[in-house]
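Visitor: predicted model and sequence follow; I will ask about them next.
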Amino acid sequence: MIVYLTGKRLKQTLVIVVFSMEKCELCGKKTAKTICIKCRRLICESCESPEAMLCKECYEFKRSLEDQRELVLNYIEKMLNVCSLKIQNQLCLRCNVLRELAISLYKMLRDLLEEANKELFEGILNRGKKIEKELKRLLVIILTVQGLSIAPEP
Ligand SMILES: [Zn+2]
Ligand SMILES: [Zn+2]
């Protein structure tokens with residue numbers, strides 16, 4: 001059977017063929033079977049991770065980064081809840097400190113989502129998009145009351 005391979009898959013296969021007698025660059029014991037798409041090291045079956053084409057170390061790194069981002073997301077969510085309560089007070093609703101806080105939370109969330117999109121942090125993306133909707137709603141309310149200018153006051 002002839003299998004036609006293109007793009008990434010082909011490159012991957014060529015690398016495997018060329019290095020098929022090489023040792024794993026992680027454990028240095030077993031014969032390498034594939035290559036990690038992140039660090040480009042040759043890895044054996046035992047050094048593979050649950051995630052396809054990532055080595056154990058890159059997988060762990062990805063997980064710990066994702067955990068850290070989860071904490072940032074928790075913070076954004078917590079602050080969003082505080083802001084949502086505060087806007088029920090007319091004085092707070094008209095306060096520019098609250099507005100600046102909501103804007104900075106929104107920027108923080110946008111950065112987080114951009115990275116999550118690139119790194120494929122599924123959990124962050126799903127939760128983040130829901131929070132984004134609520135945060136947008138909050139911003140619209142604040143900006144409508146305070147005037148739509150996002151620029152700081154002179
Ligand atoms: Zn190995
Ligand atoms: Zn790796």
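Guide: Arrived safely, thanks for sending. Ligands and ions are numbered 1, 2, ... in the order given.
Visitor: show the contacting residues for the most centrally placed residue in the chain.
Guide: Geometric centre of the chain, nearest residue: residue 116, 1.9 Å, by CA atoms, centre = their mean. The contact partners of residue 116, taken as CB atoms under 8 Å, 6 or more residues apart in numbering, are 69, 124, 125, 128. For glycine as for every other residue, the C-beta is placed from the backbone atoms N, C-alpha and C.
Visitor: please verify my assumption that residue 117 contacts residue 124.
Guide: No - in this structure residue 117 lies outside contact range of residue 124 using CB atoms under 8 Å: 9.2 Å.
Visitor: helices or strands up against the host helix or strand of residue 143?
Guide: Per DSSP states H and E, residue 143 falls inside helix 122-146. If you count contacts as 3 or more CB pairs under 8 Å, 6 or more residues apart in numbering; DSSP states H and E, helix 122-146 packs onto helix 56-86, helix 90-93, helix 96-119.
Visitor: mean pLDDT and distance to residue 24 added to the ones you listed, as TSV?
Guide: Shown next, in TSV, are the helices and strands packed on helix 122-146 (pLDDT from 0 to 100; distance: least, CB to CB, whole Å):
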stretch	mean pLDDT	distance to residue 24
helix 56-86	96	11
helix 90-93	90	59
helix 96-119	95	25
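Visitor: could these be laid out in a markdown table, adding distance to residue 143?
Guide: Converted to a markdown table, the helices and strands packed on helix 122-146 look like this (distance: least, CB to CB, whole Å):
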| stretch | distance to residue 143 |
| --- | --- |
| helix 56-86 | 13 |
| helix 90-93 | 11 |
| helix 96-119 | 7 |
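Visitor: compare these and give me the one nearest residue 28.
Guide: Ranking these by distance to residue 28, with CB to CB as the measure, places helix 56-86 first at 13.5 Å.
Visitor: and the closest one with helix 96-119, angle?
Guide: 150 degrees (axes from the mean of the first three to the mean of the last three CA atoms, to 10 degrees).
Visitor: what about helix 56-86 and ligand 2, any contact?
Guide: Yes - Helix 56-86 reaches ligand 2 (CB under 5 Å from the ion) through residue 58.
Visitor: ok and that helix relative to helix 122-146, angle-wise?
Guide: Going by the same axes, to 10 degrees, helix 56-86 makes 30 degrees with helix 122-146.
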